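Novice: Whatever this is, show me its structure:
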Amino acid sequence: MMALTGARPRRFSGRFNPPAAVWVVLLLFCVFALAVPRFASVGNLENLLRVGSILGIAACGQTIVLILGGIEFSFGASAALASVVTVLALPSAGVTGGFAAGAASVLLVGLVNGTLVARFSLPPFLVTLGMLMVAGGGAAVLAGGLPIDAPPSDAFSWPARGRIAGIPVPILAAAASFALLHLLLAHTRAGRLWYLVGANGTAARLSGITVWRSVLAGYLLAGAFCALAAVILTSRVASGQPGLAPNLPFETIAACAVGGIPLAGGQGRAVQTLCGVLVIAMLNNAVVLLNLPVAYQQLMIAAVILGAVMLQQAPRLLLLLPVRPARQPEEDRS
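Specialist: Modelled structure (predicted):
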């Protein structure tokens with residue numbers, strides 16, 4: 001039980017103790033506000049948050065999977081499948097039914113991933129990589145390899161372009177997702193079990209925890225977050241695209257890593273994911289405002305990811321450095 005106890009999330013102790021990623025976000029914002037024209041304008045900040053909201057919602061799901069000690073590569077293909085299913089279902093099911101069908105397809109992918117990982121103990125890397133190909137291939141077959149335009153309607157575009165009390169719907173959806181993630185991780189029994197399972201699955205099983213149920217629930221909830229992101233993304237592009245969002249899983253992993261969440265499992269907080277998403281969103285926005293090629297955007301994100309991983313592994317890397325032997329006193333050598 002000692003190993004399990006150490007995996008519990010840190011609770012608020014009454015002092016302001018934010019993760020290091022918070023200071024990175026503030027520093028990066030100040031640098032871009034001074035160096036990039038129009039970066040700090042209200043309109044640009046709203047656009048930054050609106051575009052980054054899809055990444056933020058999907059990253060909430062990736063956070064749960066990483067805490068469980070897994071990894072999720074099928075988010076992009078799942079979003080593509082959802083977009084195609086949504087548009088194909090519109091004539092018979094309407095806008096609400098179409099979005100529901102698309103979201104159900106993502107939940108089905110999450111259910112299959114969770115079942116294979118939890119019940120058959122297959123490696124999450126291989127399972128989700130295989131489902132990436134299955135979902136992507138299914139989307140291509142259903143769409144005939146070509147994008148399918150959705151009939152224009154205000155109801156279809158509302159998830160991506162609508163507003164509630166003057167605030168864009170995607171931003172509100174992302175805020176609700178992060179609030180739900182924080183609530184689950186910090187204040188529910190399910191969240192505590194995810195930490196325990198991710199830290200030491202064997203010890204969790206020996207202590208009486210039904211590990212497969214926790215893992216399956218985590219993958220299902222991750223699929224639910226991805227489904228919400230897919231609905232907003234489909235509404236934004238107004239079409240079913242079999243090649244939609246190919247980089248989404250890698251960007252969600254990058255956001256979590258930049259926020260300081262280790263890929264080994266058992267650790268992670270919602271605020272860390274939020275900070276990582278903001279860093280990625282600000283980098284992407286600055287590249288657009290500076291009219292830099294897309295290659296620069298990829299290089300900047302790659303540099304940030306590598307820097308974040310190296311900082312996480314700094315103690316281990318220091319142990320690999322050669323240590324000079326201490327000089328013996330004169331009396332010992334004589």
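
Novice: three-state assignment of A264?
Specialist: For A264, the assignment made with DSSP: H, G, I helix; E, B strand; the rest coil gives coil.

Novice: Measure how buried L221 is and give me the count.
Specialist: Counted with other C-beta atoms under 10 Å, residues neighbouring L221 total 22. Backbone N, C-alpha and C define where each C-beta goes, glycine included.

Novice: Quick check: L183 vs L45, distance?
Specialist: Using C-beta to C-beta, to the nearest Å, L183 is found at 26 Å from L45.

Novice: Of those two, which one has the most company?
Specialist: Neighbour comparison, L183 and L45: the larger count goes to L45, with 16 against 12 (by other C-beta under 10 Å).

Novice: That one belongs to a helix?
Specialist: Yes: counting by three-state DSSP, L45 is part of a helix.

Novice: Tell me the spacing between it and I171.
Specialist: Distance from L45 to I171, by C-beta to C-beta: 10 Å.

Novice: what about N247, neighbour count?
Specialist: Neighbour count for N247, taken as other C-beta under 10 Å: 13.

Novice: Could you pull up phi and psi at it?
Specialist: The phi/psi pair for N247 (degrees, to the nearest 10) reads phi -90, psi 0.

Novice: Quick one: residues contacting it.
Specialist: Taking C-beta atoms under 8 Å, 6 or more residues apart in numbering, we find N247 in contact with G76.

Novice: if we go to 10 Å?
Specialist: Each residue near N247 by C-beta atoms under 10 Å, 6 or more residues apart in numbering is listed here: L55, F75, G76, A254, Q298, I301.

Novice: List just the nearest of those to A33.
Specialist: I301 (19.9 Å; C-beta to C-beta).

Novice: On the pLDDT front, check the closest one for me.
Specialist: Looking at I301, its pLDDT reads 71.

Novice: so who does it touch?
Specialist: N247, F250, E251, A254, A255, V258, V279, I280, L283, N284, V287.

Novice: Can you select the buried ones among the residues you listed for me in PyMOL?
Specialist: Buried members of the contacts of I301, defined by 16 or more other C-beta atoms under 10 Å, are picked up in PyMOL with:
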select buried, resi 251+254+255+258+279+280+283+284+287
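
Novice: who's in contact with G162?
Specialist: D154, A155, P168, V169, P170, L172, S235.

Novice: Please repeat the previous calculation with a cut-off of 8 Å.
Specialist: P168, V169.

Novice: Can you verify L122 is assigned to a helix?
Specialist: No: L122: not assigned to a helix; according to three-state DSSP it is coil.

Novice: Pipe the contacts of I301 into TSV and attach secondary structure per row.
Specialist: Putting these into TSV (three-state DSSP) gives the following:
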residue	secondary structure
N247	coil
F250	helix
E251	helix
A254	helix
A255	helix
V258	helix
V279	helix
I280	helix
L283	helix
N284	helix
V287	helix
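
Novice: so which of the contacts of I301 would you say is closest to V36?
Specialist: V287 (9.5 Å).

Novice: close enough to count as contact, that closest one and M300?
Specialist: Yes: the pair V287 / M300 is scored as a contact, 6.8 Å apart, by C-beta atoms under 8 Å.

Novice: all strands of the stretch 201-334 of the chain, in order?
Specialist: 239-240 (DSSP state E, counting those that start in this stretch).

Novice: Below-threshold pLDDT in the stretch 201-334 of the chain: ranges please.
Specialist: 308, 312-334 (pLDDT under 70).

Novice: hmm, 80 instead?
Specialist: Scanning the stretch 201-334 of the chain for pLDDT under 80 picks out the ranges 294-298, 300-334.

Novice: residue boundaries of the helices in it?
Specialist: Counting by DSSP state H, counting those that start in this stretch, the stretch 201-334 of the chain has helices at residues 201-206, 211-237, 248-258, 270-289, 294-312, 314-319, 330-333.

Novice: Kindly calculate the angle that the fourth one makes with helix 294-312.
Specialist: If you take axes from the mean of the first three to the mean of the last three C-alpha atoms, to 10 degrees, helix 270-289 sits at 150 degrees to helix 294-312.

Novice: what packs against helix 270-289?
Specialist: Judged by 3 or more C-beta pairs under 8 Å, 6 or more residues apart in numbering; DSSP states H and E, the packing partners of helix 270-289 are helix 20-35, helix 42-67, helix 169-187, helix 248-258, helix 294-312.

Novice: Just say which of those is most tucked in.
Specialist: helix 248-258 (a mean of 25; mean count of other C-beta atoms under 10 Å).
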